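**Student:** Compute the structure for the input listed below.
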Amino acid sequence: MSVAVKLLITFLVFAGVAIAIFIVIAVSTKLPPRDQHEVQRRGYAIRGWWFMGLCLFVIAAFAASIPFYPYMSATAALAPARKVPVIAEQYAFIMPSHLPVNTPIIFEVTSRDVNHDFGIYNPQGHLMAQVQAMPDYTNYLRVVFQEPGQYSARCLEYCGIGHAIMAKTFTVGGK
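**Tutor:** Residues are numbered from 1 along each chain as shown. Coordinates of the predicted model:
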């Protein structure tokens, strides 16, 4: 079944539910009027059940999404790591040109001048990690490069006229 057909079926289901709700409301207006106290009590009951259902849905969605969070496990955080200083300045990154593969690395990222953003791109050009680089402050970024190759670091925050050329390539390989 194509995506367009699935979208059409989804739309028709939601439209049918909306039409059914409108019909129920229209039919309920034909009933004899009820006392305000009764209507208000029922309205608060419906509101309470709706709120509880919404809370349960949010809690369930949160619990279901926890395994997909991009944070490393506690055991990975305890493994010893090699510390690599990174200094961002207009319009360059000062850092080593060669890093080991399959070794935990903690980048200690700071800036000499203005705010920058240190983004690491894998050999396929996909962003794999990033952290803010700020003057007089050090941020830490833990990365394990699992495949050798040519990586690049780019600034992801506009830092001046030379922002577009602010990049550093480095090689990952060996131990």
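**Student:** Next, Leu141: secondary structure please.
**Tutor:** The local conformation at Leu141, judged by DSSP: H, G, I helix; E, B strand; the rest coil, is strand.
**Student:** so it touches Val109, yeah?
**Tutor:** Yes: Leu141 is in contact with Val109 according to CB atoms under 8 Å; the separation is 6.1 Å. All C-beta atoms are positioned from the backbone trio N, CA, C, and that covers glycine.
**Student:** the more surrounded of these two?
**Tutor:** Comparing Leu141 with Val109 by other CB atoms under 10 Å, the one with more neighbours is Val109, at 26 against 19.
**Student:** Next one: that one from Ile25, what distance?
**Tutor:** 58 Å (CB to CB, to the nearest Å).
**Student:** okay, now the domains of the chain?
**Tutor:** As given by automatic domain parsing, the domain ranges for the chain are 3-68, 74-172.
**Student:** Kindly reformat these as TSV containing mean pLDDT.
**Tutor:** Formatted as TSV, the domains of the chain follow (pLDDT from 0 to 100):
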stretch	mean pLDDT
domain 3-68	90
domain 74-172	90
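**Student:** quick one, which of those domains is packed in tightest?
**Tutor:** Stretch with highest mean neighbour count among the domains of the chain: domain 74-172 (a mean of 16; mean count of other CB atoms under 10 Å).
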